[in-house]
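J.: quick one, structure for this:
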Amino acid sequence: MKRLLIAIAVLSFTIPTQAQTKGVVTETIPVKGNCEMCQKRIENAAYSKGVKLAKWDKTSQTLTVTYNSSKTDATTIAQGVANAGHDAGAVKATEKEYNKLPDCCAYKTNTHQH
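T.: Residues are numbered from 1 along each chain as shown. I've put the predicted structure just below:
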């Protein structure tokens, strides 16, 4: 009887966890940027409905996103980042959005100063 109760308790904790991860995808998207300000802007722009985690790495110039594939996709996330002024994979920022970036974030010129 004691073993049965332990088995039921273990199953009750593992089943909800498995259900929550269904449809969750992690992908990396190349995203151009220069500094910590870029990092904050890129990560904030990546968050949309269904995005669980967004982390941009300055050294590798990649954004790692974990999201619910039934609510969003990598292209939609990349478009949000591009709308913030940063090229994201095949989705390029418009000149209008790029020109709104602070001088230190101008990744196309490689002239950032910190």
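
J.: low pLDDT regions in this protein?
T.: For the chain, applying pLDDT under 70 flags the ranges 1-21, 110-114.

J.: ok, which stretches of it are strands?
T.: Ranges of strands within the chain are 24-30, 51-57, 62-68, based on DSSP state E.

J.: tabulate those (CSV), appending distance to Ala82 and mean neighbour count.
T.: From N, CA and C alone the C-beta is placed, and that goes for glycine too. Output for the strands of the chain, formatted as CSV (distance: least, Cβ to Cβ, whole Å; neighbours: other Cβ atoms under 10 Å):
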stretch, distance to Ala82, mean neighbour count
strand 24-30, 10, 15
strand 51-57, 14, 17
strand 62-68, 11, 20
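
J.: how about the ones you listed in a markdown table, adding distance to Asp87?
T.: Below are the strands of the chain laid out as a markdown table (distance: least, Cβ to Cβ, whole Å):
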| stretch | distance to Asp87 |
| --- | --- |
| strand 24-30 | 8 |
| strand 51-57 | 13 |
| strand 62-68 | 11 |
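
J.: ranges for the helices of the chain?
T.: Ranges of helices within the chain are 2-21, 36-46, 74-83, 95-99, based on DSSP state H.

J.: so what touches the shortest one?
T.: Residues outside helix 95-99 that contact it (Cβ atoms under 8 Å, 6 or more residues apart in numbering) are Ala82, Asn83, Ala84, Gly85, Ala106, Lys108.
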